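# coords below, sequence missing:
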């Protein structure tokens, strides 16, 4: 067990499962826009592949995200959340026109920033570059969709997360099940539209979920 070097409060446990909440800056309801929800899901998928964490539950709500996951030995909770937040905020602002997209070489460098080091077992540079390029194409498709929806300008400010995030260390099976149920219930709790799709219980995203 250790404290993260940049935090006097966050304690990191080996093989721990965490329930994490991360909010948008000033609780701005960015995720009323489906384009941003779709981007977050695919950003989560990419970061999961690159950081190697196990994902048990997630939900996107208008102004915050809940995640239930187990970091790998190589990348702790802080490194995982840094990647998720950093990559999403950059690409969300690409979609809105505030940021420029990565050019190919910069895109390859973004793998380095996500992965942190090379040479891991099962690590294949060519496959990761291919995945990143595929993701860049997806971002451009979302940008085109967004511009088509808002041809005369959009109402959204530049995307920012609130600083840091809130985490809870899962202590036992009851605690795990309780937080899984909480995530699943969140769309109802926040009175989101019936059939809200951006939650781990949607069979569309079953390949994102690992079994505990």
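Received the coordinates, thanks. No experiment lies behind these values; they were computed from the predicted model shown.
# Give me the outermost residue of this protein relative to its centroid.
The centre of the chain is farthest from one residue, residue 152, which by C-alpha atoms, centre = their mean lies 29.2 Å away.
# That one and residue 146, how far apart?
13 Å (C-beta to C-beta, to the nearest Å). C-beta coordinates here come from the backbone N, C-alpha and C atoms, glycine included.
# how about the strands in the protein?
Using DSSP state E, the strands of the chain run over 2-3, 11-12, 18-23, 54-61, 64-70, 166-169.
# which residues touch residue 69?
Residue 69 makes contact with 17-18, 20, 53-56, 58, 80, according to C-beta atoms under 8 Å, 6 or more residues apart in numbering.
# what stretches of this structure score poorly on pLDDT?
1-10, 102-130 (pLDDT under 70).
# now do 80
1-13, 101-133, 212 (pLDDT under 80).
# From the centroid of it, which residue is nearest?
residue 44 (3.8 Å).
# give me every residue that touches that one.
Applying C-beta under 8 Å, 6+ apart, the residues contacting residue 44 are 55, 58, 67, 84, 208.
# one more time with 10 Å, if that's ok
Residues near residue 44 by C-beta atoms under 10 Å, 6 or more residues apart in numbering: 55, 58, 60, 65, 67, 69, 84, 87-88, 205, 208.
# Going through these, which ones are buried?
Taking 16 or more other C-beta atoms under 10 Å as the criterion, what is buried in those is 55, 58, 60, 65, 67, 69, 84, 87-88, 205, 208.
# The residue lying closest to residue 161 once chain neighbours are set aside: neighbouring residues, count only.
Of all residues not flanking residue 161 in the chain, residue 85 sits nearest, at 5.1 Å (C-beta to C-beta, 6 or more residues apart in numbering). As a burial measure, residue 85 scores 20 neighbours (other C-beta atoms under 10 Å).
# again with residue 100
Count around residue 100 with other C-beta under 10 Å applied: 10.
# Tell me if I'm right that it and residue 136 touch.
No. Using C-beta atoms under 10 Å, residue 100 is not in contact with residue 136, being 11.9 Å away.
# So for these two, which residues contact both of them?
residue 94.
# Provide the partner residues of the residue nearest to residue 166 when sequence neighbours are not counted in its beta bridges.
Distances taken as C-beta to C-beta, 6+ apart place residue 21 nearest to residue 166, at 4.5 Å, with adjacent residues excluded. Judged by DSSP bridges, the bridge partners of residue 21 are residue 66, residue 166.
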